[in-house]
Structure formats: C-alpha cells, structure tokens
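Enquirer: Predicted model follows, preceded by the sequence.
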Amino acid sequence: MPVESRIYCEHGLVFHRFSGIVRMSDIQAEMMRTLANPEYHAGLNEIVDLRDATETEIDFPQLLGHTRQLQTLQEGSGVRKTLFLVAGNELAFGMARMFQNIADDDTSPLKVHVVTEMEEAKGRLGVANLPL
C-alpha cells in the first residue's frame, strides 16, 4: 500500500493519502514515521485521504486496537484532535465509519468525521485553499 504523508505546520495539518491495499501494518508504520517527524505535534489536525484505497486487510480487533492506541496517544498530549477521513468508495466509507463509531464518544480526545469530498474536509478545517 503506497502512502504519501506531509505535515503542514503553518496550517496545523497532517495529510495522509493511502492507495491500493490498506493493511494495519502499513498504517502503524506510517503512524510511527509521523510521530518521529520533528515537525509533528499532537495539536495538528489530520486529513486521511482514502479515495484511492481499493481494498483493506484490516479486521475489527485490529481496528479497535489501533483506535485505542490513537486515543491513548492523544490523551497523553492533553489536546484534542480533529481527524477527517475522506472516503471515495463504499469499502473505505464503511471502514471509516467503523473507526468513527469506535473513536467518537464524549470523552475521546479524537473528533472523527467521515466525508466523501476533500473540499468538505479542507473547508471545515479552514484550509480550503491548500492544494492536497
């Protein structure tokens, strides 16, 4: 699964684009690279572009574990994060909604939104003019 990531510090944003087969091992590896990036800090919002994802090899226990890991990391930072998942097909949309349902509760430091249009995610995060 190819992944492209970029940190836009001046816009308070981390952007990830996944394509092809999405595997939890690849997601975890990319997360570790992002966390190790000196430009990264927990207050950055994120957009995850899944429009080019064609298949997933993620089961529910993996998704649950990853969600809990993200919540724990964010809780430790003491700040809230907004995460937009941009899904372009039914498969990506379904996985994104499962993630949202697990992550979204009143006490979670993560606020997850699932949309089908990149423009909506960018607009709601105040980066409408940023070319992604």
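Expert: Structure's in. What do you need? This one's a predicted model, so the numbers in the text were calculated from it and none came from an experiment. Numbering: from 1, shown residues only.

Enquirer: If you count residues, where's the longest strand of this protein?
Expert: strand 45-57 (DSSP state E).

Enquirer: mean confidence for the helix or strand just after that strand?
Expert: Scanning forward in sequence from strand 45-57 by DSSP states H and E, the next helix or strand is helix 60-77. Per-residue pLDDT over helix 60-77 has a mean of 90.

Enquirer: Specify the angle between helix 60-77 and strand 45-57 in degrees.
Expert: 160 degrees (axes from the mean of the first three to the mean of the last three CA atoms, to 10 degrees).

Enquirer: Quick one: residues contacting the residue nearest the centre of the chain.
Expert: In the chain, the centroid-proximal residue (CA atoms, centre = their mean) is V48; its distance is 4.2 Å. By CB atoms under 8 Å, 6 or more residues apart in numbering, the contact set of V48 is 16, 18, 83-86. Where C-beta positions appear, they are placed from N, C-alpha and C, glycine not excepted.

Enquirer: Mind doing that once more with 6 Å?
Expert: By CB atoms under 6 Å, 6 or more residues apart in numbering, V48 lies in contact with 16, 85.

Enquirer: beta partners of it?
Expert: Here V48 sits in beta bridges with H16, L85, going by DSSP bridges.

Enquirer: for D52, same thing?
Expert: Beta-bridge partners, per DSSP bridges, of D52: S19.

Enquirer: That one: how many residues sit nearby?
Expert: Other residues lying near D52 total 16 when counted by other CB atoms under 10 Å.

Enquirer: I'd say it and G20 touch.
Expert: No: judged on CB atoms under 6 Å, D52 makes no contact with G20 at a distance of 7.3 Å.

Enquirer: any low-confidence regions in the protein?
Expert: For the chain, applying pLDDT under 70 flags the ranges 1.
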